[in-house]
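# Need coordinates for the below:
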Amino acid sequence: MAGGFSMLYRGWASLVLALSVTNFVYFYSFYGLREFFLVTDQQIVSTDFACGIIAGILTVIVSNPFWVINIRLKLQGTTYKKGDNNNNRTRDDNYNKHYHGIIHCFLTIIRNKDSGIASLWSGSTSSFLLVLNPTIQFVTYEALKRWNILGASPLISITICHAINSAIAKMIATIVTYPLQVIQTRCSAGYNNNKNTLSMQIKKILLQPNKNILQSLFCGLESKLLQTTLTTVIMFLVYEKLVYIVKLYLQ
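Next comes the predicted model:
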């Protein structure tokens, strides 16, 4: 098999970098804003939602270039049949390029005469719509924590409660926003740069001949749920443990 086992880890370094930047900016922004605006328990849901939207917008502005680089690195070397009449796919230079790392990919993108540095924010329109994903996730997670349904049972530890709450929150957020993630990936991939707009990608999906639209919009959902849910559970467990340690230290 071409690529072998190493294909499973293609672009891992840029993925770690993108995830680190995204999570750091969003966590810091969300909980910082939440602490600043929080007044009463009656306002907490609306406050969480507003803070989530603002934090999401800030995160997109800062992290979008890292995700564009990650997608380009993962798709490097991918080729398509030229002149495929069935789906009008054409060969794109972005797929045929081979990058030597994150820095080389970054420099290659900004030196492109056609798109230049602006292409680092390609797909940002759909990314702004995707601020709903972490917003739904964080609002749901905080709501589940406040309701403390699982915590009512003496058989379930607080750690398991955090794990289940974060898994439920992420699964809901992913399922609701997954079609937007598919469209965003298409935009960020960089093929057909002259027509690489949000509306164009939506039109392509909706007008696909002999294909189920829902299947196209939710293609790969199972693996995405597995990946994001596991990542989120680990992230929130570490976060809650760190919060507990810090509070214990400050007391």
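
# switch to C-alpha atoms for all contacts and neighbour counts from now on
OK.

# ok but A143 is inside a helix, no?
Yes. Using DSSP: H, G, I helix; E, B strand; the rest coil, the assignment for A143 is a helix.

# Quick one: residues contacting it.
A143 is in contact with V45, counting by Cα atoms under 8 Å, 6 or more residues apart in numbering.

# mind running it again at 10 Å?
Counting by Cα atoms under 10 Å, 6 or more residues apart in numbering, A143 makes contact with I44, V45, D48, Q137, N165, A169.

# Kindly report the same for V45.
L38, C51, V139, T140, E142, A143.

# same check, this time on L248
Listed by Cα under 10 Å, 6+ apart, the contact set of L248 reads L242.

# ok, L230 touching A169?
No. Judged on Cα atoms under 10 Å, L230 makes no contact with A169 at a distance of 11.9 Å.

# neighbour-wise, which of those two wins?
A direct count of neighbours by other Cα atoms under 10 Å for L230 and A169 places A169 higher, at 24 against 15.

# could you say which helix or strand contains the more buried one?
helix 158-189 (DSSP states H and E).

# Now that helix: buried residues?
Under the neighbour-count criterion of 16 or more other Cα atoms under 10 Å, helix 158-189 has 161-171, 173-174, 177-189 buried.

# With the flanking residues excluded, which residue is spatially nearest to E240?
In space, E240 comes closest to H162 once its chain neighbours are excluded; the distance is 7.9 Å by Cα to Cα, 6 or more residues apart in numbering.

# What separation do you get for that neighbour and R111?
45 Å (Cα to Cα, to the nearest Å).

# Before I go, just wanted to say thanks for your time.
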